[in-house]
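[1] I need the structure of the sequence given here:
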Amino acid sequence: MSDRLNNDNLADLPGRVQRPVYDRRFIRTGIVHLGVGAFHRAHQAVYTDDVLAQDPHWGIVAASLRSPDTYDALQPQDGLYTLAVRSQAGEALRIIGSIRRVIVAPRESEDLLEVMADPQTRIVTLTVTEKGYCHDPATGALNEAHPDIVHDLAYLRTPKSAPGFIIEALRRRHLKGVPPFTVLTCDNLPSNGRTVKRVLTRFAELVDPELGRFVADELSCPSTMVDRIVPATTDQDRERIGEALGVADAWPVVTEPFTQWVIEDRFPQGRPAWEKAGAEFVSDVEPYEHMKLRLLNGSHSTLAYLGYLAGYETVADTMADEAFVRLIRGLMDEEITPTLHMPAGADLESYKSALIERFKNPALKHRTWQIAMDGSQKLPQRLLGTIRDRLRNGAPIGRLALGVAAWMRYVTGLDEKGAPIDVRDPMAARLREVADQAGQSAENLARGLFAIREIFGDDLPGDSRLTGAATAHLARLYEAGARRTVAEFKVG
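    From the prediction side, this is the model:
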């Protein structure tokens, strides 16, 4: 298939393929997005696409901060790509047109900074994953020793990090008397808006105290909660979708029908009417954030580590094992739900039941290995915050501690058959060093990993209720394996 999806062949696509209902020639840039990955293209870009017919001033310029892969896929397609929504009932295809242009930041840093500093840019959104904020996950503070932060403070005009790009763009706007854009993070950080504001303010203070005061006083960083499961695109997905379109799409995205976006409504320079696309605007997003981070993400990580170790390739494969369903439902009901404080009208029971069904969706090939990435950055908000709340109240943490133990077993880099695990984590070398020193000793491995304060802080390593439970679970994983450990799991 030689032809590529682009503006010229939109009208020729099959009738069952949904296309933009607006004229892309009249779209103007109002949003810059940092971290143009699959999640953004299945979530925020779709909400924006839904409202462009009513207001064409919110087109997106999307930037990749690392790899040119997304640029190479989308730029020849005029930014167009296919959203494939998959369920047991089938697959619905839709062409998304909200991304006007893709920039590769490492080779076009000045171009990106100019677009961000342009007064027409009123919002900068981010999906750069937890590690992209160059912060200490245990404290939420800027990691001033991070190599990218050290570089960016020395070379403001050629930044590498998301904080570096944002602060340099804000510095330029401030010098010209242009109000700051709103920074809208869509990553899974605790109190994500406040965390990002803290990181950016500190970075700005290190650049210049006056700039630090400007950021502290003027920059709005609303908190958000985002929810949609987006597996990695496979070559089989590309082939299947290309055949349905009649033209090639180098990088479609595959997702589930469910989508949710809860946002604090603080946008001094204006915003799209995302509520018309289903977004929910609230005064305080924290209860929803805790609900999603703990119920969905905490369960997902627990499934990923245990499922991978048990030999299951996908979440759906893992959830086909009823022992895992019992474990996860018990984790949700007995250990996570009591830590949540939801506003009136929130239906936690329906949400949890929907999560179980979403995890079971066989149409989504969400690999356990993909979810297991970057665990050192994810654990603090997905599991450890819940553990702290439970310990504070003297409540049991058996399943939560098993999730931590499964992560410890996974990061040794060897599976239950002795085959290597491709551990993708910014701390991978350090984790492997601890594992090598521990050998096959669960006690030594747990002690060494708990000593990493960037993950566990200063409090948890000294609490024997967690360290004892996790070490016992870890020993059981070594002895019996993940599948048997889950099948025989008992609270007590």
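[2] contacts and neighbour counts: CA atoms only from here.
    Noted.
[3] Domain map for this protein?
    Domains of the chain are assigned by automatic domain parsing as 7-282, 286-487.
[4] can you give me the mean pLDDT across the last one?
    When pLDDT is averaged over domain 286-487, the result is 96.
[5] From one end of that domain to the other, what's the distance?
    34 Å (C-alpha to C-alpha, to the nearest Å).
[6] please begin residue numbering at 34 from this point
    Noted, 34 is the first residue going forward, which turns the last one into domain 319-520.
[7] export the domains of the chain to CSV and tack on mean neighbour count?
    Output for the domains of the chain, formatted as CSV (neighbours: other C-alpha atoms under 10 Å):
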stretch, mean neighbour count
domain 40-315, 19
domain 319-520, 19
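[8] Make sure Ala265 is actually in contact with Leu397.
    No. With contact defined as C-alpha atoms under 8 Å, Ala265 does not reach Leu397; the gap is 9.7 Å.
[9] Residues that sit against both of the two, list them.
    Val287 (C-alpha atoms under 8 Å, 6 or more residues apart in numbering).
[10] Need phi/psi at Ile64.
    Here is the backbone geometry of Ile64 (degrees, to the nearest 10): phi -130, psi 130.
[11] Asp185 contacts Lys193, correct?
    Yes. Asp185 is in contact with Lys193 according to C-alpha under 8 Å; the separation is 6.5 Å.
[12] From the chain's centroid, how far away is whatever helix or strand Thr158 lives in?
    In this structure, Thr158 sits in strand 156-159 according to DSSP states H and E. Averaging C-alpha positions (C-alpha atoms, centre = their mean, to the nearest Å) puts strand 156-159 14 Å from its chain's average.
[13] Now do the host helix or strand of Asp469: distance to the chain's middle.
    Secondary structure from DSSP H and E places Asp469 in helix 461-471. How far helix 461-471 lies from its chain's middle: 25 Å, per C-alpha atoms, centre = their mean.
[14] other SSEs contacting the helix or strand that comes right after that helix?
    Next in sequence after helix 461-471, counting helices and strands by DSSP H and E, comes helix 475-483. Contact here means 3 or more C-alpha pairs under 8 Å, 6 or more residues apart in numbering; DSSP states H and E; on that basis helix 475-483 packs against helix 431-443, helix 461-471, helix 497-513.
[15] who wins for proximity to Trp294 among the ones you listed?
    helix 431-443 (26.3 Å; C-alpha to C-alpha).
[16] what does the closest one rub up against?
    334-335, 338-339, 342, 360, 363-364, 368, 408, 412, 416, 420, 454, 456, 478-479, 482, 499, 502-504, 506-507, 510-511, 524-525.
[17] can you check stretch 129-142 too?
    With C-alpha under 8 Å, 6+ apart, stretch 129-142 has contacts from 52-53, 57, 60, 62, 78-79, 81-82, 85, 92-101, 103-104, 107-108, 111-116, 145, 190-193.
[18] What about the residues you listed, which are in helices?
    Using DSSP state H, Ala78, Val79, Thr81, Asp82, Thr103, Tyr104, Leu107, Leu145 are the members of the contacts of stretch 129-142 that sit in helices.
[19] that older thread, which residues sit against the helix holding Asp469?
    In contact with helix 461-471 (C-alpha under 8 Å, 6+ apart) are residues Val444, Thr445, Gly446, Asn477, Leu478, Gly481, Leu482.
[20] For the last one, which non-adjacent residue is spatially closest?
    Think Leu482. Val467 (6.8 Å; C-alpha to C-alpha, 6 or more residues apart in numbering).
[21] Kindly report the same for the fifth one.
    With sequence-adjacent residues excluded and distances taken as C-alpha to C-alpha, 6+ apart, Leu478 is closest to Ala471, at 4.9 Å.
[22] What separation do you get for that neighbour and Leu447?
    13 Å.
[23] Also Gln293?
    36 Å.
[24] now the stretch 134-283 of the chain, which segments are flagged as low pLDDT?
    Counting by pLDDT under 70, the stretch 134-283 of the chain shows no low-confidence range.
[25] what's Ala349 in contact with, if anything?
    Phe392, Lys393, Asn394, Pro395, Leu397, Lys398, His399.
[26] Secondary structure class of the fourth one, three-state.
    Pointing back at Pro395 there. Following DSSP: H, G, I helix; E, B strand; the rest coil, the label given to Pro395 is coil.
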